[in-house]
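> let me see the structure of the following:
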Amino acid sequence: MPERTLILLRHAKSDWSGEEADVDRPLADRGLRQAPEAGRWLAVSIDRIDLAVVSPARRARSTWELASAELASRPPSRIDERLYAASTSQLLGVVRALPDEVDTVVLVGHNPGIEDLVSILTGDSVPMPTSALAVIGLAGSWSNAGRTQATLRAAGRPPAASR
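Numbers count the residues shown, from 1 in each chain. Have a look, this model is predicted:
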């Protein structure tokens, strides 16, 4: 079975100046600049993305909209309620339920879950500030995520995400 690629993308910087509910918080000006940078990094660093799974939070949806606009071809995406305020075990459940027909998936979500998921899968402690990416290679099927070898291939905030 081929190695799978899981890309974790934390939403870009959000705007805390309004009084909207957390799920409705928009991106800040800095976030509006960060998200396309993440997309440009993905465009040059990742051959193909088969699916994006995105938190329903406005800031996560906006991050993916801006990032994916930088890709030569936008992959299918779906909003998954389980990604909003998700624990590590909830995120792991989302990953394990991914269809085996897809090899490369982007999850767009929030901390602390995203940061903790990197650690659980790879054993590496990686800070995931806003707009940071972690690219993880997973051996075997998605359903075995967390039970089989995973390798951190790249991590950081674009444009300098590296390993």
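
> check which helix or strand covers residue 63.
Assigned by DSSP states H and E, residue 63 belongs to helix 58-68.

> following that helix, which helix or strand shows up next?
strand 77-79.

> check which helices and strands the top helix by length along the chain sits against.
If you go by DSSP state H, the chain has its longest helix at helix 29-45. Applying 3 or more CB pairs under 8 Å, 6 or more residues apart in numbering; DSSP states H and E, we find helix 29-45 packed against helix 58-68, strand 133-138. To be clear about C-beta, it is placed using only N, CA and C from the backbone, and glycine gets the same treatment.

> and it, how far out from the chain's middle?
Distance of helix 29-45 from the chain centroid (CA atoms, centre = their mean, to the nearest Å) equals 12 Å.

> pLDDT (mean, whole number) over that helix?
In this model, helix 29-45 carries a mean pLDDT of 96.

> how about it: buried residues?
Using 16 or more other CB atoms under 10 Å as the test for burial, helix 29-45 gives 31-32, 34-39, 41-42.

> neighbouring contacts of the helix holding residue 63?
9, 11-12, 14, 23-27, 31-32, 34-36, 38-39, 42, 52, 54-55, 74-75, 77, 79, 83-84, 106, 108-110, 131 (CB atoms under 8 Å, 6 or more residues apart in numbering).
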